[in-house]
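> could you look at this predicted model? Sequence included:
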Amino acid sequence: MERISYTDVPQDIFKNLMAIENYLDNSTLDLHLLELVRLRVAQKNGCAYCVDMHHKILKKHNETDLRLSSLCVWEETNYFSEKECAVLKFTDVLTRLERHPISDNVFNPLLEHFTKSEIAQLTLAISQINTWTRLMKTFGFAPGKFRVNQN
């Protein structure tokens, strides 16, 4: 049951968050990779609404069932590229922050695949989906109702 309905949320919250989403979706980052990040954060944070959404979006973009079902154990598979693994490691670390800085072992592999500007965008993308998961879990939005645009 929703604690806070969509109509009760100040619309400027969604408007401003969507401006960031649009910025990220139109950045030089691969949209498929961004969706993997979004799904991984949703899994890590236990947000059923966001897991449902990003799973459906990835399916629309032809992600395989094998990779989707294995994302929660990505480190134990060989289904993800070196680039994706670097991003997923960064995603996991940034989602569950510790009291110490992000290690070079996590950051440096990103430099092999991304510019510093893109790493900044990745950091924003990870932070952004963490924000969304926290909102959805607080508001109590029900999973299963998300529909992917057919455009």
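The structure has been received and is ready for your questions.
> centroid-nearest residue for the chain?
Arg38 (1.4 Å; Cα atoms, centre = their mean).
> and the pLDDT at that residue?
Looking at Arg38, its pLDDT reads 98.
> which other helices and strands contact whichever strand or helix holds it?
Using DSSP states H and E, Arg38 falls within helix 31-45. When contacts are defined as 3 or more Cβ pairs under 8 Å, 6 or more residues apart in numbering; DSSP states H and E, helix 31-45 packs onto helix 11-25, helix 48-60, helix 82-95, helix 116-139. (Glycine included, C-beta is placed from N, CA and C.)
> could you redo the last one with a cut-off of 7 Å?
helix 48-60, helix 82-95, helix 116-139 (3 or more Cβ pairs under 7 Å, 6 or more residues apart in numbering; DSSP states H and E).
> out of those helices, flag the one nearest Ala19.
Nearest of the helices and strands packed on helix 31-45 to Ala19, taken as Cβ to Cβ: helix 116-139 at 10.7 Å.
> which residues touch the closest one?
Residues from elsewhere that reach helix 116-139 (Cβ atoms under 7 Å, 6 or more residues apart in numbering): 2-4, 9, 17, 20-21, 24, 27-29, 34, 37-38, 41-42, 45, 47, 49-50, 87, 90-91, 94-95, 110, 114.
> likewise for stretch 35-43?
Counting by Cβ under 7 Å, 6+ apart, 50-51, 54-55, 57-58, 61, 71-72, 84, 87-88, 91, 95, 125-126, 129-130, 133 sit against stretch 35-43.
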